[in-house]
Structures are given as C-alpha cells and as structure tokens.
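S.K.: generate a structure from the sequence data that follows.
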Amino acid sequence: MFMHDILFDIGQVIDDLLNPAMFTFVGTLLTSGWMLLKRIRKIMNKTTDEQFNRVHQQLEHQQQLNNDLIKAVNDNIDAKIAPLTAQVNESTKEILRLNLLDGMASGRLSVSEVSFFYDKYKALGGNSFVTQKVHEYIEKKEKD
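M.R.: Residues are numbered from 1 along each chain as shown. Sure thing, here's the model as predicted:
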C-alpha cells in the first residue's frame, strides 16, 4: 500500500508537470530569467566599458603629463649644454690654432698635417690670420 501511494504521488507530480499550463509557466519563468540575465550582463558590460574608458583616459592624461615633463627636462638639459658645447668648441679651436702656429713656427708639421689640422680649425670657425699663415707655410714647404 505504501509503495502504491508513492507511485501514485509520483504519477500525480509528473501529470502536474506535463500539464500545458505548467509548461507555459515554466517557459515564461525561463524566458524571463534569460531576459533578466541578458539585461544584467549588458549593464555589467556597459559599466565595465565605462570604467575601462575612464581608467584609459586617466592613463592617457598621465602619459601626456609624463611626456611634457620629459620634454621640459630635455629642453632644460639642452639649454644648459649649449653654452658648454660652445665653450668646448671655442677651446678646441684655440688649441688647434696654437698647435698650428707652433708647429708651423718650429717647422715640425708636414703639409698633410697642417692641412688636416687647418681643416678641423676652419670647421670650428677659424680666422684669416691663421689662413694666411697656413698658405704661406704650405707654399714654403712645397718650394723646399
């Protein structure tokens, strides 16, 4: 008898589940649940995209600030190096001038050495006095 009651109850549950009204109810619940999940997912994606875009904009702004800072530092370094470079070039030119004049006065420089040092000297600025002395020295050496 007990088994019969259990089987009857199971049959009653299956009969209730296979009822067209129950199919409609379950279908409506599943459809509503699916639509709700799609809506939640869409809202979550939109929120995530907004957060990503906000973080991306902040990072771009920070990158721009960093680029501006790097440019300012480079400009500052260039401004400080320019006078030093000019001084080094002026010192180099003066050393070349003295070496040329001393070497020519002592006669220890060959024509190719004078030409080499004179070209370097001329590239740094040079002056007409040294140019005249170099030409005179080269003419003198070529005659000898």
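S.K.: so, low pLDDT: which residues of this protein?
M.R.: Filtered on pLDDT under 70, the chain yields the residue ranges 1.
S.K.: pull the longest helix from the chain.
M.R.: Under DSSP state H, the helix in the chain containing the largest number of residues is helix 20-106.
S.K.: and that one, what does it pack onto?
M.R.: helix 111-123, helix 128-143 (3 or more C-beta pairs under 8 Å, 6 or more residues apart in numbering; DSSP states H and E). To be clear about C-beta, it is placed using only N, CA and C from the backbone, and glycine gets the same treatment.
S.K.: point out the most buried one among the ones you listed.
M.R.: When the helices and strands packed on helix 20-106 are scored by mean count of other C-beta atoms under 10 Å, the highest mean neighbour count falls to helix 111-123 (a mean of 15).
S.K.: pick out the residue nearest the middle of the protein.
M.R.: Among the residues of the chain, the one closest to the centroid is Asn67, at 8.5 Å (C-alpha atoms, centre = their mean).
S.K.: re earlier: okay, angle between the longest helix of the chain and helix 128-143 too, please.
M.R.: Between helix 20-106 and helix 128-143, the angle comes out at 60 degrees (axes from the mean of the first three to the mean of the last three C-alpha atoms, to 10 degrees).
S.K.: what angle do helix 20-106 and helix 111-123 make?
M.R.: Using the same axes, to 10 degrees: helix 20-106 against helix 111-123 is 130 degrees.
S.K.: how far off centre is helix 20-106?
M.R.: Between the centre of helix 20-106 and the centre of its chain there are 7 Å (C-alpha atoms, centre = their mean, to the nearest Å).
S.K.: going forward, begin numbering at 187 instead of 1
M.R.: Yep, numbering from 187; the last one is helix 206-292 now.
S.K.: report the contact partners of the residue nearest to the centre of the chain.
M.R.: Residues near Asn253 by C-beta atoms under 8 Å, 6 or more residues apart in numbering: none.
S.K.: measure it to Val259 for me?
M.R.: Asn253 sits 11 Å away from Val259, going by C-beta to C-beta, to the nearest Å.
S.K.: same check on Thr214?
M.R.: For Thr214 relative to Val259 (C-beta to C-beta), the value is 67 Å.
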